[in-house]
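Here is my input; please provide its structure:
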Amino acid sequence: MNFEQMEYIVNVANDMSITKAAEKLFISPSGMSQSITQLENELGIKIFNRSKHGITPTFEGKIVISKAMAILKTMKELNKEIYDYKNSNQIHLKITTAPTFSYVIQETMVEFNSRNNEITFEFVEQNPTDIIQNFNKENYDFALLPASINELKKEKNICFEHIHEGHICIAVGKNSPYYTFDYVTLSDLKNSKFVLYNSTDYTKVLKLIKVNPNQVLIRTNSSSLLFELVKQSQAVLFLHDFSIQHSPMVKNGEIKIIPLEEENYFPIDFWLIYLETKGLTKVAKEFIGDLFKNLKNSKTNNIDK
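Residues are numbered from 1 along each chain as shown. Here you go, the predicted structure:
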């Protein structure tokens with residue numbers, strides 16, 4: 001039995017007529033009748049009783065027709081799910097990143113959407129550890145995060161590509177005593193006040209400085225609040241070299257990015273990850289291409305400075 005034959009017997013049963021069913025399916029009545037007869041011979045049963053008064057299913061035929069209807073319904077649902085999945089992945093991107101990528105991601109979204117206004121986005125900031133642990137469950141298109149290669153190798157069904165070796169920097173405003181510095185050391189920062197991302201990945205640095213709770217003005221996931229506090233106070237914010245280099249607040253001097261002199265002690269690798277079973281959609285690849293261009297420009301600006 002094939003899908004075509006299943007479709008024939010279901011339609012004939014509904015219409016109680018081979019002629020009517022054949023017209024709906026744009027096939028000749030004789031061709032449909034022959035196909036049903038072949039199926040009856042194959043199964044060794046009669047599916048329909050044929051008479052001058054019409055055509056009706058036999059007892060065995062009702063069983064076959066019922067199973068055929070269930071199979072066709074399942075196939076229809078499956079095809080719809082596949083279509084919806086493909087369609088949603090062509091016009092929707094679900095992205096998760098560590099906070100350090102937020103500005104570059106947002107900048108790329110604006111540029112990308114100006115050329116592809118049918119594309120919609122779902123964007124989630126997470127701690128790098130949470131990204132790795134939850135990535136298989138959440139069906140993201142891709143993620144960007146700092147991690148060690150050993151962390152990534154432990155995970156199943158994840159492909160990863162190295163995109164950048166980063167440096168830890170600080171962000172300060174004009175009120176900060178460090179604003180005129182070309183670089184700072186960890187010892188310089190020992191008595192500073194800090195504002196921190198909740199989902200920070202600077203644990204090692206904070207431990208070396210031995211930051212106590214009284215030195216932390218606020219922990220939050222709100223980037224705008226953190227930057228506003230940096231601009232208006234002497235607070236220090238840890239971030240990576242490329243995080244906000246393109247932002248107006250850096251370009252106009254409201255915030256200055258200053259590298260740590262000990263940056264070589266804290267090499268940080270940044271990765272693109274995606275699901276091995278899913279791969280990257282055409283839209284995701286195009287978006288990532290734009291993102292990498294912006295990231296490259298940020299790194300070039302850092303070198304020029």
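
looking only at pLDDT, what's the mean for stretch 194-201?
In this model, stretch 194-201 has an average pLDDT of 76.

give the contact list for the closest residue to Ser223 other than its chain neighbours.
Excluding the flanking residues, the one nearest Ser223 by Cβ to Cβ, 6 or more residues apart in numbering is Ser102, at 5.8 Å. Using the backbone N, CA and C atoms, a C-beta is placed for each residue, glycine as well. Listed by Cβ atoms under 8 Å, 6 or more residues apart in numbering, the contact set of Ser102 reads Glu125, Ser223, Ser243.

just for this protein, where's the confidence low?
Scanning the chain for pLDDT under 70 picks out 83-90, 199-201, 262-266, 298-305.

about what we covered before: which one of the contacts of Ser102 sits closest to Lys285?
Nearest to Lys285, judged by Cβ to Cβ, of the contacts of Ser102 is Glu125 at 22.4 Å.

May I have the beta-bridge partners of the closest one?
Note on Glu125: beta-bridge partners by DSSP bridges are Thr97.

For Asn136, see how far away it is.
For Glu125, the distance to Asn136 equals 19 Å [Cβ to Cβ, to the nearest Å].

Could you check which of the two is surrounded by more residues?
Neighbour comparison, Glu125 and Asn136: the larger count goes to Glu125, with 20 against 15 (by other Cβ atoms under 10 Å).

Do I have it right that the more buried one meets Thr97?
Yes - shown here, Glu125 and Thr97 form a contact pair, counting by Cβ atoms under 8 Å, at 6.3 Å.

a helix runs through Leu196, doesn't it?
No - Leu196: not assigned to a helix; according to DSSP: H, G, I helix; E, B strand; the rest coil it is strand.

Next, count neighbours for it.
Using other Cβ under 10 Å, Leu196 is surrounded by 20 other residues.

same thing with Gly289?
Other residues lying near Gly289 total 11 when counted by other Cβ under 10 Å.

That one and Ile65, how far apart?
From Gly289 to Ile65 the distance is 52 Å (Cβ to Cβ).

can you give me the strands for the stretch 101-250 of the chain?
In the stretch 101-250 of the chain, strands defined by DSSP state E, counting those that start in this stretch lie at 120-125, 142-146, 158-166, 168-173, 194-197, 216-220, 237-240, listed in chain order.

Check the gap between Lys20 and Glu4 for me.
From Lys20 to Glu4 the distance is 17 Å (Cβ to Cβ).

ugh, wrong one, Leu260
Noted for Leu260: a distance of 69 Å to Glu4, by Cβ to Cβ.

Give me the more crowded residue out of these two.
A count of neighbours by other Cβ under 10 Å puts Leu260 above the other of Leu260 and Glu4, at 21 against 12.

pretty sure that one is in contact with Asp182, am I right?
No - applying Cβ under 8 Å, one finds Leu260 not in contact with Asp182, separated by 11.6 Å.

related to what we said a few turns ago, tell me the spacing between the residue nearest to Ser223 and Asn221.
Distance, Ser102 to Asn221, by Cβ to Cβ: 10 Å.

which residues do the two both contact?
Counting by Cβ under 8 Å, 6+ apart, the residues touching both Ser102 and Asn221 are Glu125.

How many neighbouring residues does the spatially closest residue to Pro267 that is not a sequence neighbour have?
Among residues not flanking Pro267 along the chain, Glu165 sits closest, at 6.0 Å (Cβ to Cβ, 6+ apart). Glu165: 12 surrounding residues under other Cβ under 10 Å.

Specify the beta-bridge partners of Glu165.
Counting by DSSP bridges, Glu165 is bridged to Asp269.

now do Leu144
Thr97, Leu272.

Touching, it and Phe270? I think so.
Yes - contact criterion Cβ under 8 Å: Leu144 and Phe270 qualify, at 6.8 Å.
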